[in-house]
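Asker: Fold the following for me, if possible:
(one chain, ligands or ions: 1)
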Amino acid sequence: MTRQADLLVLGAGPAGTEAALAASEAGLDVVLIDEQADAGGQGWRAPLSGLTLPRKGPDAEAGDALRARLAASRVDRRFGRRVWSIGGAFRLDAAGPDGPEAYQAPRLIAATGAHERVVPFPGWTLPGVIGLAGATVLLKAQAVLPGRRVVVAGSGPLLFAVAAGIIAKGGEVAAIVDMDNRLAWAKRLPGLARRFDLLKEGLGWTWSILGARVPFLAGYGVRRATGETELSSVIVGPVDANGAPADGTERSFDCDALAVGHGLVPGGEVPKILRADHFYDRLRGGFIPELDPFGRTTIENLYACGDGTGIRGARPSAAAGRLAGLAAAYDAERLDERTFDALAALSLKALADYRPFADTVAAAMALRPAQVAAITPETIVCRCEDVTRAEIDAAVDAGAGDINQMKHFTRCGMGPCQGRMCGDVAAELVAQRRGVPRDEVGFWTQRVPLRPVPFDTMIGTFDYADIPIPPPAPL
Ligand SMILES: Cc1cc2nc3c(=O)[nH]c(=O)nc-3n(C[C@H](O)[C@@H](O)[C@H](O)COP(=O)(O)OP(=O)(O)OC[C@H]3O[C@@H](n4cnc5c(N)ncnc54)[C@H](O)[C@@H]3O)c2cc1C
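Answerer: Alright, predicted model coming up:
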């Protein structure tokens, strides 16, 4: 049976949950759907059920407060549901705990968050190499260390969050390898200081890292990861301000895990699949939907908010979510103009207040073209389909002008992750090889299933006895 509602919200991170709460408070019948077991999304993730974590930080507290407000609301919460198909006007199909489920509403808010970017290097497919953002999931949801001795490498603030998280849980950080040099961070201080509450959190991480006397290599990047069947060491070397390898001495660290990440990419599959207009924004992490200030896309009654519409972080995502929820309620004539304006003004101000901080953090996470240009020909770029950089270059040389043609030539992006891991870097490689702006090579044409699901979820279960066999034709 299809659950009908006034509004569907996909994604129960800070953005989607605030959107659902705002719309529900205005009187809409709202269904909030997420594949996780509880609300909070990536940044404010709830620990696994039954797990009590010894220490709480600002993210855990913000998540607990959000979950308490949600529990006290009238929002229909559908967790543990993996949405794999989206249709116009608006139908969602999900794989639920008891099998296939369908939802339908005249309005849809997409709040599907981000996924992480790892710019490939030799050895990044070895067991033991894990994404930086993925490491936060292990630490936050399961209180599990990524390894016994971990190198933490890449760019952006997640580096320090992960290193501090490992130390807090009694793990060993072999080294922190930051592509940015100290000058780059010094230049960012004015932007970060605009939100002293968030800067304080960052300073707390730095304090614990200093206390643990972790070697800190600023202006360094990973050259390669080595090991026979699993990771055994990481070799790092200097990089220039643009992320390209620079002259200087390499260093090697023995370890059993490498947590590495180079920022986040907006996960905008819903507006893409529904053919909303998009544009490329390097600062915000990639192709993002065109939105009005309240999260309305170019498709009527489709709204989008949060990191899926450009990387900003959890708190700005929450404010953007509230705006989208209010806009959906206003468009459904559940709020009058005065009330809408008054409520929206608060969230618009919050978004504006966060902007300098969010822009500074997003810049630290943005893709560095020189780092991509330095990927060696034999390095695997698409790890689902084992496609190397040399194969991508060869496809472009053979006439693949955009990312979808390159996909057809090479199978890059056709694996279970559907190009979520490799897409941003692969598109950059195509643009660089052609010598054209990034916009010109486009983005993957989004297709269902959005997530890997069992075949019988899509077609339903049946027996041979259920197959109608027509009577034989008369002889
Ligand atoms: C792996 C990862 C870890 C991160 N860790 C941190 C961190 O520790 N601290 C921090 O400040 N920021 C972290 N971030 C950044 C994060 O994106 C935050 O900025 C913030 O959580 C964004 O809020 P959001 O509501 O936009 O999206 P999210 O919090 O990402 O929420 C999106 C939600 O949509 C759900 N979803 C998406 N697609 C589907 C689907 N097809 N079916 C069902 N559900 C779906 C997801 O399960 C998720 O709960 C992380 C990002 C990633 C990708």
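Asker: C-alpha from now on. contacts and neighbour counts both.
Answerer: OK.
Asker: name the helices or strands packed onto the top helix by length along the chain?
Answerer: Determined from DSSP state H, the single longest helix within the chain is helix 337-365. Here helix 337-365 touches helix 182-193, helix 314-331, going by 3 or more Cα pairs under 8 Å, 6 or more residues apart in numbering; DSSP states H and E.
Asker: So for the ligand, which of those helices sits nearest?
Answerer: The minimum distance between the ligand and those falls on helix 314-331, with 3.8 Å, by Cα to the nearest ligand atom.
Asker: quick one: is the helix or strand containing residue 93 near the ligand?
Answerer: Per DSSP states H and E: residue 93 is located in strand 91-96. No. Using Cα under 6 Å from any ligand atom, strand 91-96 never reaches the ligand; the gap is at least 7.3 Å.
Asker: and if you look at stretch 156-172?
Answerer: No. Shown here: stretch 156-172 not in contact with the ligand (Cα under 6 Å from any ligand atom), separated by at least 6.9 Å.
Asker: before we move on, the earlier item: roughly how far is the longest helix of the chain from the heart of the chain?
Answerer: Put simply, helix 337-365 sits 20 Å off its chain's centre (Cα atoms, centre = their mean, to the nearest Å).
Asker: can you check stretch 77-92 too?
Answerer: With Cα atoms, centre = their mean as the basis, stretch 77-92 stands 18 Å off its chain's centre.
Asker: Contacts for that stretch next, please.
Answerer: Applying Cα atoms under 8 Å, 6 or more residues apart in numbering, the external contacts of stretch 77-92 come out as 31-39, 93-97, 102-108, 270, 273-274, 448-453.
Asker: and if you look at stretch 28-40?
Answerer: With contact meaning Cα under 8 Å, 6+ apart, stretch 28-40 is reached by 5-14, 16-17, 20, 23-24, 45-46, 48, 63, 66-67, 74-83, 329, 334.
Asker: Can you flag the buried ones in those?
Answerer: Using 16 or more other Cα atoms under 10 Å as the burial test, the contacts of stretch 28-40 include 5-14, 16-17, 20, 23-24, 45-46, 63, 66-67, 74-83, 329, 334 as buried.
Asker: With respect to burial, which of the helices and strands packed on helix 337-365 scores highest?
Answerer: Of all these, helix 314-331 has the most neighbours on average by mean count of other Cα atoms under 10 Å, namely a mean of 27.
Asker: Close to the ligand: what parts of the chain are there?
Answerer: 11-16, 34-36, 41-43, 81-84, 111-116, 133-134, 136-137, 306-308, 313-314, 317, 450.
Asker: 5 Å instead, please
Answerer: Residues of the chain lying near the ligand by Cα under 5 Å from any ligand atom: 11-15, 34-35, 41-43, 82-83, 112-115, 133-134, 136, 306-307, 313-314.
Asker: Mind checking which of these are in strands?
Answerer: Judged by DSSP state E, strands contain the following of the residues of the chain next to the ligand: 34, 82-83, 114-115.
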